[in-house]
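J.: Just the structure for this:
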Amino acid sequence: MTQKTKVIILVIILFAGIGFGLYFYLRLTGIIKTGAEAIIGCQNSNQISNFFGKPGANLVSYNLFGSDIMVHELLPPYLDHIQKEVNDAKTGYNFTNITSYNNRSKVGGGGKSLHSWGIAIDINPDSNPYQPGNYGPPQSDIPIQIVNIFKKYGFAWGGDWPGERDPMHFEWYGAEIGGSVLDKLSNQKILTVATDVDGTGSPNANGDYNWIVPFGSHTITAKTRGYKDTSFAVSLACFSSNNIDITMEALPSNLSGSITGKVQVAGNYPMLMPASILLDGRTVGVSSIRGDYVIPNVHSGKHKVEAKVLFFPGGATSVDMVPGENIKDTNIVIGK
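T.: Numbers count the residues shown, from 1 in each chain. Take a look at the predicted model:
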């Protein structure tokens, strides 16, 4: 081997070493991302714990395609839908080995595995092995129809991750959304309303709603008698908590009225300061120093009117309004 050839080989080795060193440095600092981080993110352990609780907390037992596994308590409703749709699809796929909760670090380092919170599921690892360095199609025997059903209910598939194909692996990314359903004009709660996310009914009570849904884009719809239907789109980041009030516009036939009256202190004590006035649990104004109050723009239905002053026990009364009614002399006694 000539001296020139030796120099060329040494230069190639030197540049290759520098290149690999730079690559691993950029990977370590997060500038270059592969795997789930490259296409989704959503891997911050503190953010995940704020949403789900500490690793290993809030777990429940669940039977998934014949395997008893431990998963986070938020997952069973989504897994119920997945099992039904997969069974209906009749793909004939044999789920022989399914695991979930495992409090450990990620393979290759880089923080906690999402298995630690019971929000990741591995299916048949022998036939769907982890494939580091693979940027091409993953080696997997899971029918794409099954993969798409998991995705539909908030699971990301490891077979999509460039550089770290992991087709056995599915992990769930969720978000929280909540708020109140309000009358657009009066800003008062609408107590009886039907709401849904993407066409599926979701829990709401007493004018408030709170849902846990897969992260991403959703269509929120609210309907109730006397109001125009309301529908809008939201985009939710993974493991985020979002407060979004839903405002609804009353129909012309749904005329508003008013409630007026006086706040009094038990025992004929004088009012020393204005009282806070609440309608259906929401503060809507204050009384005068003499206790007189007015609540405008109240729509028909049953309502709870409350008054509170400092440390005195609050007082309350109920009214049942018809459209356009102005109810007078609704007096409230506090301090009983």
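J.: Just say helix, strand or coil for residue 259.
T.: strand (DSSP: H, G, I helix; E, B strand; the rest coil).
J.: show me where pLDDT drops low in the stretch 101-250 of the chain?
T.: For the stretch 101-250 of the chain, applying pLDDT under 70 flags the ranges 108-110, 202-203.
J.: Which parts of it are helices?
T.: 144-152 (DSSP state H, counting those that start in this stretch).
J.: Tell me where it has strands.
T.: 120-123, 131-132, 155-157, 164-165, 169-172, 174-183, 194-197, 200-201, 204-205, 208-214, 216-223, 230-236, 241-243, 246-248 (DSSP state E, counting those that start in this stretch).
J.: tell me the SS of residue 46?
T.: Secondary structure, three-state DSSP: residue 46 is helix.
J.: The chain should start at 836 in everything you say after this.
T.: Sure, I'll start counting at 836 from here, so that last one is residue 881.
J.: Domain ranges for this protein, per the record?
T.: Listed domain ranges for the chain are 836-867, 875-1007, 1011-1046+1053-1083, 1092-1169 (source: automatic domain parsing).
J.: Export those domains as CSV, with columns for mean neighbour count.
T.: Just so you know, the C-beta spots here come from the backbone N, C-alpha and C atoms, and that holds for glycine as well. Converted to CSV, those look like this (neighbours: other CB atoms under 10 Å):
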stretch, mean neighbour count
domain 836-867, 10
domain 875-1007, 17
domain 1011-1046+1053-1083, 16
domain 1092-1169, 16
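J.: Quick one: distance of stretch 991-1006 to the chain centre.
T.: Remark: stretch 991-1006 is offset 23 Å from the chain centroid, using CA atoms, centre = their mean, to the nearest Å.
J.: what's the straight distance from one end of it to the other?
T.: The first and final residues of stretch 991-1006 sit 5 Å from each other (CA to CA, to the nearest Å).
J.: And for stretch 1133-1147?
T.: Counting by CA to CA, the terminal residues of stretch 1133-1147 are separated by 26 Å.
J.: Quick check: mean pLDDT of it?
T.: The predicted model assigns stretch 1133-1147 a mean pLDDT of 88.
J.: Right, I'll call it a day here.
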